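[1] pasting the sequence and the predicted model now:
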Amino acid sequence: MGDPRRAIPRTDAVLAEPRLAKAAGTLGRDLVKSLVVAAQQRARAGEIGPGDVVDEVLARLPTTGSSLRPVLNATGVLVHTNLGRAPLSAAALDAVVAAAGTTDVEFDLGTGERAKRGRGALAALAAAVPGAAVHVVNNNAAALLLCALVLAQDKEIVASRGELVEIGDGFRIPDLLESTGARLREVGTTNRTSARDYAAAVGPGTGFVLKVHPSNYRVTGFTSEASVAELAGLGVPVVADVGSGLLAPHPLLPAEPDVTTALADGAAVVTASGDKLLGGPQAGLLFGDAVVIERLRRHPAARALRVDKLTLAALEATLRGPEPPVRAALGADVGELRTRAETLAAALRSSGVDARAVDSVAVVGGGGAPGVELPSSAVSLPVRYAAELRRGEPPVVGRIVREKCLLDLRAVRPTEDVMLREAVRRCG
């Protein structure tokens with residue numbers, strides 16, 4: 001018998017296969033060719049047959065030219081930072097596609113002259129928080145950076161020791177602020193800071209008082225903190241970082257600060273994230289006094305921190321369109337979640353999968369509403385499914401609890417239940 005490896009098709013022959021030729025036109029010839037070479041190597045190693053090369057390549061083709069893969073979030077964390085935080089609404093996705101080409105982002109089609117960048121998104125934000133001037137930068141850290149550059153360069157920022165947080169991946173608020181040339185004046189203690197502590201520190205060299213919501217942890221027990229309203233009477237601007245992006249009070253999150261209330265209590269500037277509870281794209285939102293916001297907008301660093309047209313489009317559509325997925329997940333009915341879990345578990349058991357519907361607890365995540373637990377329902381599977389589901393197509397990320405793989409449904413959209421069911425079946 002001859003060497004079976006001689007039957008492995010040539011690279012050019014595989015690339016000429018109509019389906020792969022079409023994929024090369026969409027994804028790029030180099031990407032498709034790399035998958036062809038990998039499949040040929042598997043055939044040479046005897047892992048697949050020579051006639052299976054094309055099918056192997058087709059099975060491994062990504063859906064887009066990006067290495068990012070869509071993931072089903074069954075962790076029970078609504079705003080999962082490692083999974084991209086808030087998923088965009090259908091309206092926001094449509095807006096991104098429409099804005100991807102040539103657009104009137106800084107052009108007035110009526111007059112034929114230059115127009116204000118992001119005017120639609122800014123108008124939508126202003127409508128959501130009446131009376132506030134608005135500016136948008138690329139994330140909440142950038143919003144704080146801009147405040148420090150404009151209001152406190154070569155001056156002091158007065159902040160509570162208990163609010164000088166680390167925001168992820170080793171980045172810390174004190175380091176961020178001091179990188180601008182501002183000096184940080186820490187007051188109070190880790191667990192207790194009063195308005196008197198701030199008042200004693202405020203002086204001619206104060207740029208502003210910073211109030212940070214410690215949104216990714218809680219300090220409990222013998223604690224106290226000063227409110228924005230108390231700090232607003234100290235004679236210097238108050239910058240309030242509300243963290244999770246609530247524009248107005250939410251009935252399910254009564255302890256979570258919001259933009260509207262902070263402004264009403266006297267904050268000169270309030271910063272928030274766009275990709276958390278607002279449910280939009282990554283962005284840093286600045287609301288406040290018109291004179292201060294204009295100073296922020298005109299600072300040279302604002303150009304380096306500005307957002308692109310896709311972010312502006314998604315942000316406007318999120319605000320004007322229907323309820324985004326994160327907000328829908330936050331308000332999901334527990335009884336409906338339980339019904340979905342029981343339906344999924346029954347369908348999986350009929351396929352021979354050891355699946356059970358169980359009660360679960362979800363959280364907001366993403367640095368929002370620490371300590372708030374949201375009752376939920378999940379499908380419980382043997383623990384081996386956790387790794388197999390992550391490696392599947394589409395990848396599914398659950399969580400492991402007491403040696404079980406739980407697929408929590410609060411962050412899974414009802415339209416994704418069939419996809420979730422089939423992903424589990426393929427692992428069975």
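    Yes, it's here.
[2] CA atoms of stretch 140-151 as PDB?
    Listed in PDB are the C-alpha atoms of stretch 140-151, where the atom choice follows Å, rounded to 0.1, in the frame of the first residue of the first chain:
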ATOM      1  CA  ASN A 140     -14.900  56.200  33.400                       C
ATOM      2  CA  ALA A 141     -11.200  56.200  34.300                       C
ATOM      3  CA  ALA A 142     -10.700  58.700  31.500                       C
ATOM      4  CA  ALA A 143     -13.500  60.800  32.900                       C
ATOM      5  CA  LEU A 144     -11.700  61.000  36.300                       C
ATOM      6  CA  LEU A 145      -8.400  61.700  34.600                       C
ATOM      7  CA  LEU A 146      -9.900  64.600  32.700                       C
ATOM      8  CA  CYS A 147     -11.400  66.000  35.800                       C
ATOM      9  CA  ALA A 148      -8.000  65.900  37.600                       C
ATOM     10  CA  LEU A 149      -6.300  67.500  34.600                       C
ATOM     11  CA  VAL A 150      -8.700  70.400  34.400                       C
ATOM     12  CA  LEU A 151      -9.700  71.000  38.000                       C
END
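[3] identify the residues contacting that stretch?
    Contacts to stretch 140-151, defined as Cβ atoms under 8 Å, 6 or more residues apart in numbering, come from residues 137, 157, 167, 171, 173, 176-177, 179-182, 207-208, 210, 237, 239, 241, 243, 269, 271-273, 284-286, 292, 295-296, 299, 301-302, 305. C-beta: built from backbone N, CA, C; applies to glycine.
[4] in strands, which of those residues fall?
    137, 157, 167, 171, 207-208, 210, 239, 241, 243, 269, 271-273, 284-286 (DSSP state E).
[5] buried members of these into PyMOL, please.
    To isolate the buried subset of these in PyMOL, counting by 16 or more other Cβ atoms under 10 Å, use the following:
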select buried, resi 137+157+167+207+208+210+239+241+243+269+271+272+273+284+285+286
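[6] show me where pLDDT drops low in the stretch 201-350 of the chain?
    Applying pLDDT under 70 to the predicted model, the residue ranges of the stretch 201-350 of the chain that meet it are 215-217.
[7] and stretch 340-350, what's buried?
    Under the neighbour-count criterion of 16+ other Cβ under 10 Å, stretch 340-350 has R340, A341, L344, A345, A347, L348 buried.
[8] whoops, I mixed them up, stretch 353-362
    V353, A355, A357, V358, S360, A362.
[9] just give me the closest of the residues you listed to E393.
    The closest of these to E393 turns out to be V353 (Cβ to Cβ; 17.7 Å).
[10] in this structure that closest one contacts R425, no?
    Yes. Here V353 lies in contact with R425, judged by Cβ atoms under 8 Å, at a distance of 6.9 Å.
[11] and this structure, what are its domain boundaries?
    Here the domain assignment for the chain is 8-60, 72-85+328-427, 90-321, based on automatic domain parsing.
[12] dump those into a markdown table; add distance to S66 as well.
    Formatted as a markdown table, those follow (distance: least, Cβ to Cβ, whole Å):
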| stretch | distance to S66 |
| --- | --- |
| domain 8-60 | 10 |
| domain 72-85+328-427 | 12 |
| domain 90-321 | 13 |
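[13] ok, which stretches of the stretch 301-428 of the chain are strands?
    356-362, 374-382, 396-397, 399-401, 404-408 (DSSP state E, counting those that start in this stretch).
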